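Visitor: how would this look folded up:
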Amino acid sequence: MKFIFDSDSWQEIFGSIKKSKLRTAITVIGVLWGIFLFITLLGAARGMENGFDREFRNLATNSIFLWAQQTSMPSEGFQRGRQLRLKIQDAEAIKKQVPEIEFVAPRNVQGVFGGPPAQVKRKTNSKSYKVFGDYPILDNVNKVKLIDGRFINVSDVDNERKVCIIGEKVVDELFEKDEKPVGDYVLFNGSFFQIVGVYKERTGGSFESDDSIYMPFSTFRKINNTGDNIGWMVIAAYKDADIIEVEKDVKTVLKRRHNVHQEDDRAFGSFNFGEAFGKITGFVTGIKFLTWFVGIATLIAGVIAIGSILLITVKERTKEIGIRRAIGATPSKIKGQIVLESIFLTTIAGFLGFIFAGIVLMIINSTTQDIDFPFTNPTVNIPIALGAIFALVTFGSLIGMIPAQRAVSIRPIEALREE
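Guide: Numbering: from 1, shown residues only. Sure, this is the predicted structure:
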């Protein structure tokens, strides 16, 4: 190991590098590109994974959206084409009869599905907004991100309180900048509602944006005279439940309750978010696997390139090696110098690739902040990045043994005859 700290060995290495600048540049670029591509691809895959997590973090991923439609088959004396309506009792029934279900959130809305939005007034300002009638359980299956105040509670529903939660856009349009909305009032259909909370814009499959308003389900039912009807429901199953089977069981229960033929697949519409999220997760997993495969293959290609170029170096320096052997240089010193050169070039190229990849990922992150695309924070764990560099250096050392062994296998007299 003395040759590592031997100034003569380093002088010879730097001298060799200066003599073959093009060869050295090709070696460094090959290894640099391998590390750069590996880290950049891993970071991009992580950015996509983080983006999907951000989009859907407020929504129970093992969930179903379900609504009533028209029947497509006659059943028990009823003709086809019958318009069905979901009832609040349906939500209670499926919660009791399907044990895999964790939460059921019945919902009503004004201003979606073709209906006119609600006219909301405050002082001299008047705007139209979507209004949702909800239970507190909604916050468990479709998280509402509050920035001030609170969400609907059980007492609000039980007492049919005239309270509401409004979005940021509603605040901007109905209030002045220095006014505090929580505790103030807005006018619905001739009745004043107290604002108890303000929320941020929502993502991840919701009908709501920041121009929507929530109120207690019972209050919505009273002012809109909807009775026991509900517009749709959000159903969240336990994490280990088969969401596809849960959907089938729920529809079986509903068909039985509404006298619908069990083979009628059009009577109830649904969107199985759990199934869709599973496909998204599988896609991201596939991307990560492909990234590792391409990255490792690129690293291996870089290592092989090092070995090939060092073999060429040994061929070019055959006469020089013969002279050194003739004047007393030991095989271990010659071998060590070639391996050390391999380690040196690999290490330098590896860290340069790491730095360039980090810069590129920072640029990508800054340019995608304002884009409506599931991509954010494309990072790579430092241990993984350093592990990749260490593996590259290790393999570079091992591959350097091949030309090193070739160098010491050349007999001095034969090397001196080399032209």
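Visitor: got a list of what the residue nearest the centre of the chain touches?
Guide: Closest residue to the average C-alpha location of the chain: E49 at 2.2 Å, with Cα atoms, centre = their mean. Contacts for E49 (Cβ atoms under 8 Å, 6 or more residues apart in numbering) come out as V284, K288. Using the backbone N, CA and C atoms, a C-beta is placed for each residue, glycine as well.
Visitor: and K121, what element?
Guide: strand 118-122 (DSSP states H and E).
Visitor: before we move on, what about I166?
Guide: Assigned by DSSP H and E, I166 falls in strand 163-167.
Visitor: pLDDT averaged over that strand, what's the number?
Guide: Confidence for strand 163-167, expressed as mean pLDDT, is 94.
Visitor: could you list the residues in contact with it?
Guide: Contacts for strand 163-167 (Cβ under 8 Å, 6+ apart): 131, 144, 146, 149-152, 156, 181, 186, 188, 193-201, 208-216, 219.
Visitor: before we move on, what about stretch 187-203?
Guide: For stretch 187-203, the external contacting residues (Cβ under 8 Å, 6+ apart) are 54-56, 58, 118-122, 131, 142, 144-151, 162-169, 171, 181-186, 208-210, 214-215, 223.
Visitor: out of those, which end up buried?
Guide: Buried subset of the contacts of stretch 187-203 (neighbour count, 16 or more other Cβ atoms under 10 Å): 55-56, 58, 118, 120, 122, 131, 142, 144, 146, 148-149, 151, 162-168, 171, 181-182, 184-186, 208, 210, 214-215, 223.
Visitor: how close does the residue nearest to the centre of the chain get to F38?
Guide: For E49, the distance to F38 equals 17 Å [Cβ to Cβ, to the nearest Å].
Visitor: do K333 as well
Guide: 34 Å.
Visitor: between those two, who's got more neighbours?
Guide: F38 (28 against 19; other Cβ atoms under 10 Å).
Visitor: quick one, phi psi at the closest residue to I195 other than its chain neighbours?
Guide: Counting by Cβ to Cβ, 6 or more residues apart in numbering, P181 is the residue found nearest to I195 once chain neighbours are left out, at 5.0 Å. Taking degrees, to the nearest 10, you get phi -70, psi -40 for the backbone angles of P181.
Visitor: I figured P181 was touching K169, is that so?
Guide: No: contact between P181 and K169 fails when scored by Cβ atoms under 8 Å: they sit 11.9 Å apart.
Visitor: which residues are in contact with the residue nearest to I195?
Guide: D148, I166, V171, L174, F175, I195, V198.
Visitor: helix, strand or coil: sort out the first one for me.
Guide: Spelled out, it's D148. Three-state call for D148 (DSSP: H, G, I helix; E, B strand; the rest coil): strand.
Visitor: again, but for the last one
Guide: When the structure is reduced to helix, strand and coil (three-state DSSP), V198 reads as strand.
Visitor: check it and give its pLDDT.
Guide: Note on V198: pLDDT of 94.
Visitor: swap in the fifth one?
Guide: The per-residue pLDDT reported for F175 equals 91.
Visitor: quick one: the strand holding K121 to strand 163-167, angle?
Guide: Between strand 118-122 and strand 163-167, the angle comes out at 90 degrees (axes from the mean of the first three to the mean of the last three Cα atoms, to 10 degrees).
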